[in-house]
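K.L.:
Take this sequence and fold it.
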Amino acid sequence: EVQLVESGGGVVPPGGSLRLSCVASGFPFTLFGMSWVRQAPGKGPEWVSAINMGGDMTYYADSVKGRFTISRDNAKNTVYLQMNNLKAEDTALYYCNAESGYNNYWGQGTQVTVSS
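P.N.:
Reported below is the predicted structural model:
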């Protein structure tokens, strides 16, 4: 059974930090590119960041560049999103995505709320 399980969300004040994790199982993790996508209340999905299979190429939305860092540990089948200097506009449900060719898997999401 394919599973992507996100964790690490929570409530933080503006300027705070969180580290999201996504543990994968049920598919060959090292053959999949991984991404984080978020959806704020009342808005459509927004792609946040991506990392290639080997972990040596990373990509970021302009809105998070310089504040967020994506990484992966292929030995642990886990992808991370380190989020620093969080802003109110980062409040959203954050989803982990795995993609390889025609295969595309999603987690259930973890809530991030930035509020004073």
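K.L.:
What residues are bridge-paired with the most centrally placed residue in the chain?
P.N.:
By C-alpha atoms, centre = their mean, the chain has its centre lying nearest to Trp36, at 3.1 Å. Trp36 forms beta bridges with Ser49, Cys96, as assigned by DSSP bridges.
K.L.:
wait, doesn't it sit right on Pro45?
P.N.:
No - using C-beta atoms under 8 Å, Trp36 is not in contact with Pro45, being 10.9 Å away. The way it works is simple: take the backbone N, C-alpha and C, and place the C-beta from them, glycine included.
K.L.:
Could you name every residue contacting both of the two?
P.N.:
Tyr95 (C-beta atoms under 8 Å, 6 or more residues apart in numbering).
K.L.:
Report the contact partners of Arg67.
P.N.:
Counting by C-beta under 8 Å, 6+ apart, Arg67 touches 83-86.
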